[in-house]
Each structure stands twice: as C-alpha cells, then as structure tokens.
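In: This is a predicted model, with the sequence first.
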Amino acid sequence: MNTFYIETFGCQMNAHDSEKVIGTLLSQGYRQVGKPDEADLVLYNTCSIRDKAEQKVFHRLQEFKRHNQGKVFGVLGCVAQQEGERIFERAPHVSLVAGSASYSKLPQMLVQLESGNRRVTGLTFDNDQAFETPFTRRDNPHRAYITIIEGCDKSCAYCVVPFTRGPERSRTSESVLHEARELARMGYVEIQLLGQNVNSYRDPSPAGWDFARLLRAVGEVDGIRRVRFTTSHPRDFVKDIVDAIDENPALCNHVHLPVQSGSSSVLNRMQRLYTRSEYMRRIEWMKNARREISITTDIIVGFPGETEADFEQTLALLEEVEYDSLFSFKYSRRPSTAALDLADQVTEEEKTRRLTILQEKQRAIQIRRNSDLVGQVEEAFVEGYNQATGQWIGRTTQNRTLNFVHPHHAAPGAEATLAGTFWNVRVTRAGPNSLAGEVLG
Ligand code: 5AD
Ligand code: SF4
C-alpha cells in the first residue's frame with residue numbers, strides 16, 4: 001500500500017480533520033492521488049448530521065462492492081463513530097472504521113492494515129486530548145483552520161454530534177497561539193478558529209482563558225489580518241466576544257449564531273437552553289456594536305411538534321434579525337437522539353413547503369440588504385479567479401462574496417498574482433448571494 005485517495009463530507013471540522021489525516025499519511029510515506037481508481041487505500045471522511053449525508057458514503061462504497069480491485073477501504077469520521085462495526089456488515093470490503101477521537105492512533109492503525117488485518121477499528125473516546133499533529137497538510141495557502149475545541153457537551157434533541165464527536169476537549173491557549181504564530185510565519189493571513197461550540201472554550205492550562213480572551217490574543221498575532229470563528233452556541237455566547245470584535249479590526253465582523261427556531265416552545269423541546277428573547281438579547285449586543293457585525297444562522301424546519309404558528313414565529317424572526325445569510329434544513333431523525341421517538345413528526349411534504357417559504361423570505365431579505373451596499377467600498381480578500389467571468393473572487397470581512405475586475409490584472413491564469421492579497425473594491429452590483437465591484441484605482 002503506498003497510494004491513498006480521500007474524499008471528505010460535512011463540516012469544516014471534517015475538512016480540517018482530513019488535512020490532518022492527509023498530513024499524517026504523507027509523513028508515513030504514502031502518496032495522495034486524485035482518483036479512487038489509482039489508490040491502494042480509499043478513505044471516506046464522513047458526516048452523519050442528516051440522513052442524506054450519511055447515505056452518501058454507502059453510495060460511494062456500493063460502487064466498489066463487487067470489484068474492489070484489491071483496494072483497502074476505510075470509513076472515517078462521524079458515520080464511522082455512529083455505526084461502528086456495523087459498517088463491516090453493511091460493506092464487507094471495508095477494513096478500517098475510525099472516529100475522529102482516534103486519529104492520533106492512525107499510524108498504528110495503518111501498520112495493522114499493512115500487516116493484513118481486515119477489521120481495524122478506532123472507536124473509543126478514551127483520549128481526553130484534542131488531536132494535534134505537526135503533519136497537517138493545509139489545502140489553502142492563505143487561510144488556515146485551527147481547532148481550538150473538539151466534541152460537544154450540549155444535548156440538543158435533534159443532534160448526533162455529541163455521539164459522533166464525544167465530550168468537549170479544549171486545547172491549551174499556548175498550543176493554539178503557537179500554531180497561529182507558526183502559520184503567520186509561514187505566510188498565512190487568515191485564521192479560522194474551529195469547534196463544535198467555540199464559545200465554551202476553556203483553556204485547560206492554569207491560565208484558564210475563556211474564548212473571548214483567546215480570540216483577542218489570536219487577533220493580535222503579527223501578520224494575521226483576519227480571524228474568523230465557528231460555530232457559536234447562543235447559550236455560551238457572551239457580550240465580551242462582541243467587545244473583542246469591536247476592539248480589533250483583525251477580528252472579522254461576522255458572527256454565525258445558529259438559532260434553529262424562532263419559537264420558544266420549539267427551542268424548549270429542542271433542549272437549546274435559551275428562549276427567543278434570550279437569543280434576541282445577543283442579537284441586540286451585536287446591533288449596538290460600533291462595527292457593523294454581519295449575522296448568519298442555521299434553521300431547522302419541521303422539528304417534531306412544530307406548528308404553523310411556531311413556523312410563523314421563525315419567519316418573523318428572520319425579519320426582525322435580518323440575517324445576511326442562513327443555512328436551512330428539514331429536520332432529519334438521527335439515531336440515539338432524544339427527538340428520535342417524539343410524537344407529532346411533521347410530514348415530508350410539509351417540511352418541504354416550510355423550507356421553500358423560509359428560503360424565499362430569506363432571499364428577499366438578502367436582495368434588500370445587499371443592494372444597500374451598492375456604492376460602498378469594501379476590503380476584499382482574494383480567494384481565486386473565475387475564468388468564465390474574468391473576475392477575481394473576493395471575500396469581505398463580513399464574509400460576503402465580492403467579485404471584482406482589476407484593470408491591470410485581467411489576464412487569465414494570473415491567479416497567483418492576486419490570490420491571498422487585499423484590495424479596496426467599490427460595490428457596483430448586488431445579487432442575493434454575492435456582490436460585484438471594481439477595484440479602486
Ligand atoms: N436535522 C436537520 N438539521 C440538523 N442540524 C443538526 N442536526 C440536524 C438534524 N437532525 C443542523 C443544525 C445545525 C447544523 C450544522 O445542522 O441547524 O446547526
Ligand atoms: Fe457532520 Fe456534525 Fe460530524 Fe461535522 S461534526 S461531519 S456536521 S456530523
């Protein structure tokens with residue numbers, strides 16, 4: 001075995017885990033290839049947040065069921081943790097099943113695979129350390145993820161994450177800051193702090209820093225121009241985080257604060273640990289900040305027992321907050337979760353109807369809000385170049401896409417010249433999901 005292929009599903013935590021897994025494999029002498037056909041070892045880093053995400057890996061595995069061409073297959077991530085050894089029964093050609101808490105044992109697991117063991121597992125949470133490795137192979141040369149906390153101690157009634165990622169484990173502030181400084185030294189300009197619930201970060205070293213303290217310190221690392229963080233939980237989101245953003249422009253003025261529902265009674269049954277008005281208080285902190293903080297969220301429609309009146313409260317909340325963007329999902333029943341067997345499941349048709357209405361409402365809000373930006377100048381961080389439109393793909397501190405033309409850098413294939421740089425851009429056009437503009441001469 002010397003070549004591997006990996007495909008990643010799910011959230012940024014998974015994307016970053018894959019960067020660490022790739023780094024570890026490369027350090028063990030493996031070579032990464034771009035197609036499963038070319039690989040001796042085929043890995044899927046999986047997501048199980050909703051049923052659809054979970055099904056994807058089984059579809060992929062199905063393709064190789066009959067003729068696996070002597071390859072070794074591994075299932076990593078959340079489906080691995082959730083399904084465990086049952087995966088060997090469902091897909092007998094799989095030889096490795098490992099959850100994220102076991103990746104530090106990957107080198108040993110590879111040795112077992114190499115020696116012909118066809119049932120290798122890493123499924124325990126006995127490791128109370130976050131997974132740190134010097135071998136991370138980062139995808140993007142300018143923007144880097146740093147995990148600050150893994151796992152989740154909440155128990156939202158719909159959510160499988162506490163089961164797939166285990167209990168919370170924070171990294172020491174010293175190790176996070178060391179990584180941030182190292183990244184700055186290597187030329188990274190943007191850092192994204194990751195965790196299932198970054199707001200419950202608690203430094204395990206005697207310094208005992210909370211999240212706001214860590215955020216401030218990362219924002220002060222020389223060379224780091226932008227710091228983002230995700231995801232926040234409203235219950236643990238404190239005003240000090242808003243104050244930190246107000247103090248330092250390197251901290252991006254964007255907060256993703258998942259609300260899930262605008263109805264306090266649904267929130268209560270979801271075990272979200274806040275009411276609508278407590279959530280709105282956090283929104284007020286942000287609206288009263290000196291900097292204009294962009295707010296985005298996640299919504300679930302059709303949670304068991306969600307009535308039409310509950311749903312209308314969610315629609316009203318969208319108007320009240322005026323989110324800049326949102327991710328919306330139909331409720332999906334997940335194994336082991338408290339809501340699995342709740343009565344009053346909402347029909348699939350009704351969930352689809354509510355999702356459509358919600359998305360249309362949000363689209364109108366985004367068109368309105370984005371049009372207000374026409375004429376303004378925003379700083380864009382260049383992420384790439386779109387050959388088809390001849391525009392540079394930029395991102396604003398508020399996390400909006402801002403594509404722009406540059407009179408002196410219009411040649412196709414010239415990406416390397418602008419990617420990773422910052423430009424002041426005047427917004428000339430606005431759509432629901434992005435802005436377009438011209439660089440200031
Ligand atoms: N069904 C639908 N959406 C879910 N999410 C989490 N669990 C479920 C589920 N069982 C959504 C939440 C969360 C986002 C990452 O995924 O909105 O914030
Ligand atoms: Fe999916 Fe959640 Fe696992 Fe991320 S942590 S991959 S969203 S189930």
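Out: Noted; the coordinates are in hand. Small disclaimer: the values here were computed from a predicted structure and weren't measured. Ligands and ions are numbered 1, 2, ... in the order given.
In: And stretch 78-96, what's buried?
Out: Using 16 or more other C-beta atoms under 10 Å as the test for burial, stretch 78-96 gives 78-83, 87-88, 91, 93-96. The C-beta positions use only the backbone N, C-alpha and C, and glycine is treated the same way.
In: SS state for residue 274?
Out: Secondary structure state of residue 274, per DSSP: H, G, I helix; E, B strand; the rest coil, is coil.
In: Isn't it up against residue 267?
Out: Yes - counting by C-beta atoms under 8 Å, residue 267 is a contact partner of residue 274 at 6.6 Å.
In: Looking at the two, which has the bigger crowd around it?
Out: residue 267 (24 against 20; other C-beta atoms under 10 Å).
In: interface residues of the stretch 151-300 of the chain facing ligand 1?
Out: Residues of the stretch 151-300 of the chain lying near ligand 1 by C-beta under 6 Å from any ligand atom: 158-159, 258, 260, 298, 300.
In: Out of those residues, which sit inside strands?
Out: 298, 300 (DSSP state E).
In: Now which of the residues of the stretch 151-300 of the chain next to ligand 1 would you call buried?
Out: 158-159, 258, 260, 300.
In: Contacts only, for the closest residue to ligand 1 within the stretch 51-200 of the chain.
Out: Closest approach between the stretch 51-200 of the chain and ligand 1, counting by C-beta to the nearest ligand atom: residue 158, at 4.0 Å. By C-beta atoms under 8 Å, 6 or more residues apart in numbering, residue 158 lies in contact with 270, 300, 303, 331-332, 334, 337, 339.
In: again, only this time at 7 Å
Out: 270, 300, 303, 331, 334, 337, 339 (C-beta atoms under 7 Å, 6 or more residues apart in numbering).
In: Kindly report the same for residue 102.
Out: Residue 102 makes contact with 122-124 under the criterion C-beta under 7 Å, 6+ apart.
In: what's the spacing between it and residue 159?
Out: Distance from residue 102 to residue 159, counting by C-beta to C-beta, to the nearest Å: 21 Å.
In: ditto for residue 179
Out: Distance from residue 179 to residue 159, by C-beta to C-beta: 28 Å.
In: ditto for residue 185
Out: Separation of residue 185 from residue 159 (C-beta to C-beta) stands at 37 Å.
In: can you check residue 339 too?
Out: Applying C-beta to C-beta to residue 339 and residue 159 gives a distance of 9 Å.
In: Repeat that for residue 20.
Out: Distance from residue 20 to residue 159, by C-beta to C-beta: 24 Å.
In: again with residue 421
Out: Residue 421 is 39 Å from residue 159, by C-beta to C-beta.
In: before we move on, the earlier item: who wins on neighbours among the contacts of residue 102?
Out: Most surrounded of the contacts of residue 102: other C-beta under 10 Å gives residue 122, at 22 neighbours.
In: For ligand 2, give me its nearest residue in the stretch 301-441 of the chain.
Out: Proximity of the stretch 301-441 of the chain to ligand 2 (C-beta to the nearest ligand atom) peaks at residue 334, 8.9 Å away.
In: Please look at that residue and residue 161 and confirm they touch.
Out: No - assessed by C-beta atoms under 7 Å, residue 334 is found out of contact with residue 161, at 9.3 Å.
In: circling back: wait, which of the residues of the stretch 151-300 of the chain next to ligand 1 is closest to residue 287?
Out: Closest approach between those and residue 287, by C-beta to C-beta: residue 258, at 17.8 Å.
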